[in-house]
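*Asks:* Quick one, fold the following:
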Amino acid sequence: MGEFFSVACAACWAIAVVLFRRSGESLPAFELNLFKNVLATGLMIPTILIFHGVGLPGYSAGQWLVVLASGVIGIAIADTWYLRALNLMGASRTGVIGMLYSPFVIVLSILFLAESLKLVQYLGFVLVLAGILFVTWSRNRHEISSRALGQGLLFAAASVGLMAIGVVMVKPILETHEFLWTVGLRLAAGAIGMLLFVWLSRGWQRMMLHYRSPQPWVTVVAASLLGSYVSMILWLAGYKYTDASIAAVLNETAAAFIVIFAWLFLGESLTARKLAGVTLAFAGVAIIVLV
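*Replies:* Coordinates of the predicted model:
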């Protein structure tokens, strides 16, 4: 089931990305990330009450600290930096840098979780990365400045590294404690951390100006619902029920799903290069799952 949840998360996230693109990404990265995190946190409250009741999870003091820190690192900071990179250098380049996520998780899982991949699964891993490289790499680099490209690369690489740290540090807790509580508390920690930053920086007025300006709210809400609430549950479920290294590789198929959904719903071209990339990525997924 872990492999299924990981691939389902990738597909769900791809739909959210298409919706964000259609909305024009009119909200700045910080405001967009805060909105989706607050919305997802609000939805997690009744979800937790339905499935777990009102009792608090049985974390130790150290585990509480790990869960909350994971949310601030992997959601508040990492997601904001990722969206910032997306605005600076576009989806293709951000997608390429996003492929660092799997190597980061695999290295951290080997170092701290004593996980390992079979030799043939490394072949699947390479096929997934090669396929996504086919899909996302663009030869046209002249449309953005070297400064924007450099900043985007730094934001993207740092965000992916923080995402990997956030999920690896919380994986042992996911395996032994209430799943939905862990998901909800990570989201809440991310949202509260961002609100605390706004309060300390006295940025309420500037932030509210963006929220009060005309926005395609139906699309933004739908994208936030899929991209934060549903995807987050599927994402962490994948890590709960399979090795972190395998879940990380399967999550990378989101880029291939984005190409397919963009062709179906946005009318974007599906070139032979993109099709070859999608084929390679899904071949890699098959090897990882079936071995």
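
*Asks:* all contacts plus neighbour counts: C-alpha atoms, from now on.
*Replies:* OK.

*Asks:* Moving C-terminal from the helix ranked longest in the chain, which element do we reach first?
*Replies:* Counting residues, the longest helix in the chain under DSSP state H turns out to be helix 146-176. Sequence-wise, the next helix or strand downstream of helix 146-176 (DSSP states H and E) is helix 179-201.

*Asks:* Mind giving me the packing neighbours of that next one?
*Replies:* In terms of contacts (3 or more CA pairs under 8 Å, 6 or more residues apart in numbering; DSSP states H and E), helix 179-201 is packed against helix 29-52, helix 61-71, helix 231-241.

*Asks:* Report the buried residues of the longest one.
*Replies:* For helix 29-52, a neighbour-count test (16 or more other CA atoms under 10 Å) marks 29-41, 44-45, 48 as buried.

*Asks:* Report the two of these separated the most.
*Replies:* Farthest-apart pair in the buried residues of helix 29-52 is 29 and 48; separation 28.0 Å (CA to CA).

*Asks:* Poorly predicted segments of the stretch 51-200 of the chain, please.
*Replies:* Low-confidence segments of the stretch 51-200 of the chain, defined by pLDDT under 70, span residues 91-93, 95-96, 136-144.

*Asks:* Give me the buried positions along stretch 177-193.
*Replies:* By neighbour count with 16+ other CA under 10 Å, stretch 177-193 contains the buried residues 178-193.

*Asks:* Please export the C-alpha coordinates of that stretch as PDB.
*Replies:* The C-alpha coordinates for stretch 177-193 follow below in PDB (Å, rounded to 0.1, in the frame of the first residue of the first chain):
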ATOM      1  CA  HIS A 177       1.900   6.600  16.400                       C
ATOM      2  CA  GLU A 178      -1.400   8.000  15.300                       C
ATOM      3  CA  PHE A 179      -0.900   8.800  11.600                       C
ATOM      4  CA  LEU A 180      -3.500  11.600  11.200                       C
ATOM      5  CA  TRP A 181      -2.300  13.400  14.400                       C
ATOM      6  CA  THR A 182       1.200  13.500  12.900                       C
ATOM      7  CA  VAL A 183       0.000  14.800   9.600                       C
ATOM      8  CA  GLY A 184      -2.200  17.500  11.300                       C
ATOM      9  CA  LEU A 185       0.400  18.600  13.800                       C
ATOM     10  CA  ARG A 186       3.100  19.000  11.000                       C
ATOM     11  CA  LEU A 187       0.600  21.200   9.000                       C
ATOM     12  CA  ALA A 188      -0.300  23.200  12.100                       C
ATOM     13  CA  ALA A 189       3.300  23.700  13.000                       C
ATOM     14  CA  GLY A 190       4.000  25.000   9.500                       C
ATOM     15  CA  ALA A 191       1.100  27.400   9.500                       C
ATOM     16  CA  ILE A 192       1.700  28.700  13.100                       C
ATOM     17  CA  GLY A 193       5.400  29.100  12.300                       C
END
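
*Asks:* what does it rub up against?
*Replies:* Counting by CA atoms under 8 Å, 6 or more residues apart in numbering, stretch 177-193 makes contact with 34, 37-38, 40-41, 44-45, 47-48, 52, 57-59, 67-77, 173-174, 232-233, 236-237, all of which sit outside it.

*Asks:* List the contacts of residue 226.
*Replies:* With contacts taken as CA under 8 Å, 6+ apart, residue 226 has the following neighbours: 12, 13, 15, 16.
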